[in-house]
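Engineer: Build me a model:
(2 chains)
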There are 2 protein chains.
Amino acid sequence: MIDAAKKIEVVEKYMVAVSTNNLDLIREIYADNATVEDPVGTPPKEGIAAILAFYGGFGALGVKLQLSGSVKCAGNAAAFPFTAQIGSKTLDIIDVFEFNNEGKVVSMKAYWSAG
Amino acid sequence: MIDAAKKIEVVEKYMVAVSTNNLDLIREIYADNATVEDPVGTPPKEGIAAILAFYGGFGALGVKLQLSGSVKCAGNAAAFPFTAQIGSKTLDIIDVFEFNNEGKVVSMKAYWSAG
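Structural biologist: Okay, the predicted model is just below:
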């Protein structure tokens, strides 16, 4: 199991990766066989190609992410609250990452609603 | 799928149930076949009897829960940040509830670490 410091490092890298639309960094964060369910309740993106296409789509939106509280680490997972600024809109979100033993994210679930 | 307002109501009821150690209220919140993994990475409590025994154990500790941010609703789930005060100690936690169609919690996962 990877330690909390390593998980927090990955979460902070994720904030930067999405905010700068750096797909190389996104590629580093996720395992090849990862799944991304964003938001929870929608069909998951499965595998790195689908995941990169998903994040690639953010490029035009100028999304900026910022942690709004501490990263909670437990077991092979981390849960963290953050805001996503998309133009004039701000979303209040909680993500859960599950990690493999190599420190790559194998599952991401995003809890938020537009309402 | 139950609506966001109903999920938020259950989360607020949960804060009260744990803070007052009201096991009847805990019983109302969870489905018979629910699982509770608290913290994530430890063996889950499976079924309502094990779950009630788990919360019953909090009685002597005088645990007080308080939401520290909004409840994020998505799909059949809700994620929410809160603090747990246990004596002079305060833990910063994120819980994820998954609901069945009757509005009962079928899965609870708690993300926190003592460190």
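
Engineer: Quick check: residues of chain A near chain B?
Structural biologist: A:1, A:4, A:39-42, A:68-70, A:72-81, A:92-94, A:96, A:110-113, A:115 (CB under 8 Å from any CB of the partner chain). Placement of C-beta: from N, CA and C, glycine included.

Engineer: Please narrow those residues to those residing in strands.
Structural biologist: A:72-74, A:77-81, A:92-94, A:96, A:110-111 (DSSP state E).

Engineer: Nearest to A:Y55 among these?
Structural biologist: A:A110 (12.2 Å; CB to CB).

Engineer: Pull up the gap between that closest one and A:V96, please.
Structural biologist: 8 Å (CB to CB, to the nearest Å).

Engineer: Could you check which of the two has the larger neighbour count?
Structural biologist: A:V96 (23 against 20; other CB atoms under 10 Å in any protein chain shown).

Engineer: contacting residues around the more buried one?
Structural biologist: A:V96 is in contact with A:A77, A:A78, A:A79, A:S107, A:M108, A:K109, A:Y111, B:A79, B:I94, B:V96, B:Y111, counting by CB atoms under 8 Å, 6 or more residues apart in numbering or on different chains.

Engineer: and the lengthiest helix in chain A, what other elements does it pack with?
Structural biologist: Assignment by DSSP state H gives helix A:4-19 as the longest helix of chain A. Secondary-structure packing of helix A:4-19 (3 or more CB pairs under 8 Å, 6 or more residues apart in numbering or on different chains; DSSP states H and E): helix A:23-29, strand A:64-67, strand A:72-74, strand A:77-86, strand A:89-99.

Engineer: Need the winner for burial among these.
Structural biologist: Neighbour counts (mean count of other CB atoms under 10 Å in any protein chain shown) averaged over each of the helices and strands packed on helix A:4-19 peak at strand A:72-74, with a mean of 26.

Engineer: Quick check: neighbours of that one in the sheet, parallel or antiparallel?
Structural biologist: In the sheet, strand A:72-74 lines up against strand A:77-86 (antiparallel) (DSSP bridges).

Engineer: Present the helices and strands packed on helix A:4-19 as a markdown table; the columns should include mean pLDDT and distance to A:I8.
Structural biologist: Shown next, in a markdown table, are the helices and strands packed on helix A:4-19 (pLDDT from 0 to 100; distance: least, CB to CB, whole Å):
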| stretch | mean pLDDT | distance to A:I8 |
| --- | --- | --- |
| helix A:23-29 | 98 | 13 |
| strand A:64-67 | 97 | 10 |
| strand A:72-74 | 97 | 7 |
| strand A:77-86 | 97 | 7 |
| strand A:89-99 | 96 | 11 |
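
Engineer: possible to save those as CSV with distance to B:S19?
Structural biologist: Converted to CSV, the helices and strands packed on helix A:4-19 look like this (distance: least, CB to CB, whole Å):
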stretch, distance to B:S19
helix A:23-29, 37
strand A:64-67, 27
strand A:72-74, 20
strand A:77-86, 21
strand A:89-99, 22
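
Engineer: Mind checking those for the one nearest to B:F58?
Structural biologist: strand A:72-74 (18.0 Å).
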